[in-house]
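Asker: Need coordinates for the below:
(one chain, ligands or ions: 1)
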Amino acid sequence: MDFELTKDQEMIRKEVRRFAKTEILPYTAEFDEKGEYPYEIMEKMGKLGFMGIPFPEEYGGSGGDWVGMHLCIEEISKADGPLGTMLDITTSVIGQELFVFGTEEQKKKFLIPIAKGEKIGAFGLTEPDAGSDAGALSTTAELKDDTWVINGTKQFITNIGLKNASIIIATAKIIEDGKPGNIATFIIPKEAPGFELGKKYKKMAWSSSATHEVIFNDCRIPKENILGSAEKGFAQHLEVLETGRISIAAVAVGLAQACLEEALKHAKGRKQFGMPIYNFQAIQFMIANMGMNIELARNQYLKAAWLKDQGKSHTFEATVAKLFASEMVEKAASDALQIHGGYGYMEDYPVSRFYKGAKILQIVEGTSEILRMILGRHLYKAKF
Ligand SMILES: Cc1cc2nc3c(=O)[nH]c(=O)nc-3n(C[C@H](O)[C@H](O)[C@H](O)COP(=O)(O)OP(=O)(O)OC[C@H]3O[C@@H](n4cnc5c(N)ncnc54)[C@H](O)[C@@H]3O)c2cc1C
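Answerer: This next block holds a predicted model:
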C-alpha cells in the first residue's frame, strides 16, 4: 500500500494552493456578498488547465488523473466552495460524461472547450416532481425527422445561468409509440431554439454560484446530440454522479480545512480568563475532532479517486466519501463558529459564511438519506 502522492499530484496541490490563496481567497467574501460570479478567476483557472486535469491532451486536458483533479477541487474549495462545485459539475460530471460516452465528434465539439476551461457545463437531472427519485422525470424527447424535440422543466440547475456555460446535459424520456419510454441523455446547447433560462433562485448561501430553472419549450437539437445509449442514459448519468460524489467530498474537505484553520487562528489569539481560549480543553477537543475527521474524510475521497484511476469499482467508497465528508463539514463549521463565540455570528468573520454554506453538501448529488440507502443495499449483498 502506497500513500505517497506522485510528483505530478504534489505539484498540482502546491500550485493550486498557491493560486487559491493569492488569486481567490482575497475576493471570496466580496463575491459572496454581491452574489457575483468570479469570471476572471475562472478564466485564469481555465488557462492553468484546472478543468482538464483528468482528460487526455487530445481532448484539451493535461493527461493527469482523478486523484490530481480532486486535490485541485479540495484546494479551490478551501478558498471558495462555489468555485469547487463549479469544477465538480464541469469536469467530474459533464466533462467525464462526454469523455466516457461521447462520440469522437461530440468530444471534439463539446469536451475540448470544457477541458480547456473556455466553456463550462451544467447537468439537468432534477425536476419539480423528480428530486431524489430522479427516474420519475417528466421531460420528454421526441425524434421528428432529424431533430429531437425536448419538452419539460429542470430545476435547481447549477452553472447554467453563467455566461460561459455552453451546454446542459439533461435526461429525458424518449417518446416511443406516442408514450414516454426509456430515459436517454441529451446534449442541449444554450442557444438551441426553445431553450429558456428560467428564474434564478435566491439561496440561503453560496450566492456567487448561480442556480436556475431551465425550461425546454419545443427545444430542438440535432439527432446526433443524444449522448451514449438511447436505452441506458439514466444509468450513464448515475455512473458519472459517482465521481461527482467524490468531488463533493473534496469540496467538503476543503471547506472543513478552512473552518479548522480559522478556528485555530481565533482560538490562539482570543484571550479570556487571562489566557488564549486554545488553552481550554473544551476548545482543544473541538479542534482535535475537526482535525481527526478531516484527515479521515480526505483519506476516503483520495481512496475513492485512486480506485477510479485504477479502473476499479468504487461505488461504496465514493458514497462513503460523500456521506461522511458532507456530514463532517457541517459539524466542523458549527464548531468553528462556536469557537468564535459571538464574533462567529457576525458576517465579518468567514466562519459565518462557512456555516451557512456547508449544509448544501448533504443535499446535492444524492442526499444523505439516499446515500445511506445505497450503502444499505451494498452491504446487504456484501460477502465478508
Ligand atoms: C443549490 C442547489 C444546486 C443544485 N444543483 C443541481 C444541478 O446542477 N443539477 C441537478 O440536476 N440538480 C441539482 N440540485 C438538485 C439536488 O440534486 C436535489 O435537490 C436533491 O437531489 C434532492 O431532491 P429534492 O430537492 O427534490 O428533495 P426530495 O427528493 O423531495 O427529498 C426531500 C427529503 O426526503 C428525503 N427522501 C427522499 N426520498 C427518500 C427515500 N426513499 N428514503 C428516505 N428519505 C428520502 C430526502 O433525502 C430529503 O431529506 C441542486 C440543488 C440545490 C439546492
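Asker: where does the residue in the chain that the ligand sits nearest to fall, phi/psi-wise?
Answerer: Residue nearest to the ligand within the chain: residue 131 (1.7 Å; Cβ to the nearest ligand atom). (C-beta placed from N, C-alpha, C; glycine too.) Backbone torsions for residue 131, taken as degrees, to the nearest 10, come to phi -100, psi -100.
Asker: as a whole number, average confidence for the longest helix along the chain?
Answerer: Looking across the chain with DSSP state H, the single longest helix is helix 233-269. Helix 233-269 shows a mean pLDDT of 96 in the predicted model.
Asker: surely residue 278 meets residue 265?
Answerer: No: applying Cβ atoms under 8 Å, one finds residue 278 not in contact with residue 265, separated by 10.0 Å.
Asker: higher neighbour count, those two?
Answerer: residue 278 (18 against 13; other Cβ atoms under 10 Å).
Asker: Am I right that the more buried one falls within a helix?
Answerer: Yes: Residue 278: assigned to a helix according to DSSP: H, G, I helix; E, B strand; the rest coil.
Asker: quick one: residue 271 and residue 277 touch, right?
Answerer: Yes: when contacts are counted by Cβ under 8 Å, residue 271 is listed as touching residue 277 (7.2 Å).
Asker: Please say which of those two ends up with more neighbours.
Answerer: Taking other Cβ under 10 Å, residue 271 and residue 277 do not tie; residue 277 has more neighbours (19 against 11).
Asker: Contacts only, for the more buried one.
Answerer: 266-267, 270-271, 283, 339 (Cβ atoms under 8 Å, 6 or more residues apart in numbering).
Asker: export those to JSON lines and tack on distance to the ligand?
Answerer: Shown next, in JSON lines, are those (distance: Cβ to the nearest ligand atom, whole Å):
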{"residue": "266", "distance to the ligand": "28"}
{"residue": "267", "distance to the ligand": "31"}
{"residue": "270", "distance to the ligand": "33"}
{"residue": "271", "distance to the ligand": "39"}
{"residue": "283", "distance to the ligand": "32"}
{"residue": "339", "distance to the ligand": "27"}
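Asker: quick one: which two of those are the most distant?
Answerer: 271 and 339 (13.5 Å; Cβ to Cβ).
Asker: List the buried residues for the helix or strand residue 283 falls within?
Answerer: Following DSSP states H and E, one finds residue 283 within helix 281-309. Neighbour-count burial for helix 281-309 flags 283, 286-287, 290-291, 293-294, 297-298, 300-309 (criterion: 16 or more other Cβ atoms under 10 Å).
Asker: so that helix versus helix 233-269, what angle?
Answerer: 150 degrees (axes from the mean of the first three to the mean of the last three Cα atoms, to 10 degrees).
Asker: so after helix 281-309, what's the next helix or strand?
Answerer: helix 315-340.
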